[in-house]
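Visitor: predicted structure and sequence below. I'll ask about it afterward.
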Amino acid sequence: MATIQPFKAVRPTKDKVGLVASRSYESYSRKERESRLKYNPFSFLHIVNPGYKYHREVSGENRFKLVRNRYLEFREDHIFIQDETPSLYIYKQKTRKHTFCGILGGASAGDYRNNIIKKHEATIQSREELFMEYLKTVGFNTEPVLLTYPDNNLIENIITDITSTIPEYEFTTTDRITHFLWKLSDPEKIAVVQKEFEQIGDIYIADGHHRSASSCLLADNLKTENPGHTGKEAYNYFMSYFIPESDLRIYEFNRMIKGLNGLSKEDFLIRLDEWYRIENRGEELYRPSKKHHFTMYLDGEFYSLYLRKTIYDFSAPLSTLDTQILYKTILEPILGIGDLRNDGRIAYGCGKDNVVEMKSLIDKNKYDVGFGMLPVTIDEIKKIADEGLQMPPKSTYIEPKLRSGMTIYEF
């Protein structure tokens with residue numbers, strides 16, 4: 001029985017929302033970030049990068065406190081306002097190729113704890129605890145977790161009805177994405193949406209595993225500090241974007257490796273031959289068309305790798321994932337990469353940007369060999385989550401990517 005909770009969002013005023021909303025801090029290059037900080041005083045980047053005001057880098061607890069201060073300044077200057085009534089928010093993102101539409105609301109920390117919100121990635125405890133301390137200090141959350149649910153006609157009808165009206169926000173960002181936001185404040189319609197989510201049951205994290213885990217830690221922490229805890233406090237929920245499965249776009253990550261683990265090119269190909277039927281494609285840019293087929297780029301040439309299924313063991317639940325197959329047949333046994341998170345020889349490139357970028361980096365001698373594959377499917381994600389397992393790191397690149405600073409959840 002999944003929960004979706006309305007909340008009183010803190011939001012930019014209509015005239016400034018396009019200036020305030022930003023991508024995630026890490027997605028900007030240093031030059032891009034500096035430019036936005038210099039020329040746009042309303043950018044949310046000023047809040048998450050508070051040291052800019054003092055022309056220095058600030059970290060740790062001092063940074064957390066300064067983030068809180070910058071946020072309060074935005075509120076005091078009426079750049080942000082808070083809605084008076086709890087609402088759900090319909091957010092639509094229109095790109096040149098796709099349209100994404102879902103609901104911003106509060107997800108339950110209890111649902112996360114009880115595995116109603118299901119996970120497919122492992123989290124790192126130190127990162128969970130650090131982000132929990134950040135949330136506790138700043139007192140707000142502005143990066144929604146991306147949750148997905150099975151398509152539902154009744155919810156879709158309500159969304160269609162709301163989005164036929166004039167939106168609260170409509171603005172286009174420099175990446176040519178148009179953003180729309182509507183408020184859903186009608187208690188009867190909110191109740192219908194909540195009832196439908198109760199009937200849906202399980203929902204799945206598409207993106208935001210560490211944010212979910214940290215929010216659950218925060219709820220537990222604040223509960224112990226509150227002798228009057230009722231379970232209805234804002235900290236019992238975390239802001240999430242609930243989107244139907246059919247609206248998600250899932251892309252793959254390429255793998256790029258430095259060195260061949262001491263092997264010559266010829267010896268490396270011979271080792272690969274144990275697991276794969278190999279075809280040299282020359283300069284032809286090859287993309288796989290089936291599961292268990294892989295692209296390889298090595299020494300200026302593309303290769304197609306077809307898994308020899310008769311010798312590969314598909315019995316384990318993770319074994320059918322192409323990211324796991326690549327790890328178990330090439331990365332670990334041949335290239336000697338055991339730790340996919342921390343080994344400095346491996347790098348990941350988003351498959352949405354296609355194999356051309358991978359080729360370019362290898363041609364520039366930044367890496368020696370690269371591998372590409374088909375994206376993971378939503379059914380594979382759900383199966384892994386249902387089994388309580390975790391995918392290898394960088395198995396999925398999922399869109400939409402959400403803006404920071406457009407709706408803020410205070411606790």
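Guide: Structure received.
Visitor: residue ranges with poor pLDDT in the stretch 101-250 of the chain?
Guide: Within the stretch 101-250 of the chain, not a single segment meets pLDDT under 70.
Visitor: show me the contacts for Leu331.
Guide: 255, 257, 337, 340, 346 (CB atoms under 8 Å, 6 or more residues apart in numbering). For every residue, glycine as well, the C-beta is placed using N, CA and C.
Visitor: elements contacting the longest strand along the chain?
Guide: Taking DSSP state E as the criterion, the chain has its longest strand at strand 99-108. The helices and strands touching strand 99-108, judged by 3 or more CB pairs under 8 Å, 6 or more residues apart in numbering; DSSP states H and E, are strand 88-94, helix 153-163, strand 237-244.
Visitor: immediately after that strand, which helix or strand?
Guide: The first helix or strand that comes after strand 99-108 along the chain, using DSSP states H and E, is helix 109-113.
Visitor: show me the helices in the stretch 251-400 of the chain, by range?
Guide: Counting by DSSP state H, counting those that start in this stretch, one finds helices in the stretch 251-400 of the chain at the ranges 265-273, 322-326, 354-363, 378-386.
Visitor: mind listing what's buried in the first one?
Guide: By 16 or more other CB atoms under 10 Å, the buried positions in helix 265-273 come out as 268-269, 271-272.
Visitor: then the last one?
Guide: Going by neighbour count (16+ other CB under 10 Å), the buried part of helix 378-386 is 378, 380-385.
Visitor: would you mind splitting this protein into its domains for me?
Guide: The chain resolves into domains spanning 10-250+399-410, 253-374 when parsed by automatic domain parsing.
Visitor: burial of Ser164, as a residue count?
Guide: 8 (other CB atoms under 10 Å).
Visitor: should've said Lys366
Guide: Neighbour number of Lys366 under other CB under 10 Å is 11.
Visitor: ok, residues contacting stretch 36-48?
Guide: 12, 16, 19-22, 25, 28, 33, 49, 52-53, 67, 70-71, 74, 79, 142, 404-405.
Visitor: in that stretch, which residues are buried?
Guide: So stretch 36-48, judged by 16+ other CB under 10 Å, has buried residues 36-37, 42-48.
Visitor: so of those, which two are at opposite extremes in space?
Guide: Phe42 and Val48 (13.5 Å; CB to CB).
Visitor: residue ranges with poor pLDDT in the stretch 251-400 of the chain?
Guide: Using pLDDT under 70, the flagged stretches of the stretch 251-400 of the chain are 351-353.
Visitor: measure Ile166 to Lys14 for me?
Guide: The gap separating Ile166 from Lys14 is 11 Å, by CB to CB, to the nearest Å.
Visitor: again with Met296
Guide: In terms of CB to CB, Met296 sits 51 Å off from Lys14.
Visitor: before we move on, back to that, redo the buried residues of helix 378-386 as TSV? Include distance to Leu321.
Guide: Output for these, formatted as TSV (distance: CB to CB, whole Å):
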residue	distance to Leu321
Ile378	13
Glu380	6
Ile381	10
Lys382	13
Lys383	9
Ile384	7
Ala385	12
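Visitor: which one in the protein is furthest away from the centre?
Guide: Glu266 (38.7 Å; CA atoms, centre = their mean).
Visitor: which one of the buried residues of helix 378-386 is nearest to Gln5?
Guide: Nearest to Gln5 among the buried residues of helix 378-386, with distances taken as CB to CB, is Ala385, at 21.9 Å.
Visitor: quick check: Asn236 touching Ala219?
Guide: Yes: contact criterion CB atoms under 8 Å: Asn236 and Ala219 qualify, at 5.3 Å.
Visitor: so how far does stretch 118-127 reach from one end to the other?
Guide: Using CA to CA, to the nearest Å, the end-to-end distance of stretch 118-127 comes out at 19 Å.
Visitor: please identify the buried residues of it?
Guide: Result for stretch 118-127 [16+ other CB under 10 Å]: buried residues 118-121, 123.
Visitor: what do you get for stretch 86-93?
Guide: For stretch 86-93, by 16+ other CB under 10 Å, it's 87-93.
Visitor: so what touches that stretch?
Guide: By CB under 8 Å, 6+ apart, stretch 86-93 touches 4-9, 99-105, 159, 162-163, 177-185, 190, 193, 241, 400, 402, 406-407.
Visitor: same question, stretch 259-277
Guide: Contacts of stretch 259-277 (CB under 8 Å, 6+ apart): 278, 294, 298-299, 305-308, 311-312, 329-330, 334-336, 345, 368-369.
Visitor: redo that, cut-off 6 Å
Guide: 299, 305-308, 329, 334-336, 368 (CB atoms under 6 Å, 6 or more residues apart in numbering).
Visitor: do the same with stretch 25-33
Guide: Val48.
Visitor: what does stretch 216-236 give?
Guide: With CB under 6 Å, 6+ apart as the criterion, stretch 216-236 contacts 109, 112-113, 128, 132, 135-136, 411.
Visitor: same check on stretch 161-175?
Guide: Contacts of stretch 161-175 (CB under 6 Å, 6+ apart): 17-18, 90, 178-184.
Visitor: for those residues, which two are the farthest from each other?
Guide: The most distant members of the contacts of stretch 161-175, if one measures by CB to CB, are Gly18 and Leu184, lying 22.0 Å apart.
Visitor: got a list of what Glu399 touches?
Guide: So Glu399 contacts Arg249 (CB under 6 Å, 6+ apart).
Visitor: 8 Å - rerun?
Guide: 98, 100, 248-249, 251, 352.
Visitor: follow-up on the earlier one: closest to Gly60 out of the helices and strands packed on strand 99-108?
Guide: Nearest of the helices and strands packed on strand 99-108 to Gly60, taken as CB to CB: strand 237-244 at 22.9 Å.
Visitor: so what strands line up beside the closest one?
Guide: Here strand 237-244 has these sheet partners by DSSP bridges: strand 99-108 (antiparallel), strand 145-149 (parallel).
Visitor: among the ones you listed, which is nearest Gly60?
Guide: Closest approach to Gly60 among these (CB to CB): strand 145-149, 24.4 Å.
Visitor: pick out the residue nearest the middle of the protein.
Guide: Most central in the chain (CA atoms, centre = their mean) works out to Asp207, at 3.3 Å.
Visitor: so that residue touches Val145, yeah?
Guide: Yes: the pair Asp207 / Val145 is scored as a contact, 7.2 Å apart, by CB under 8 Å.
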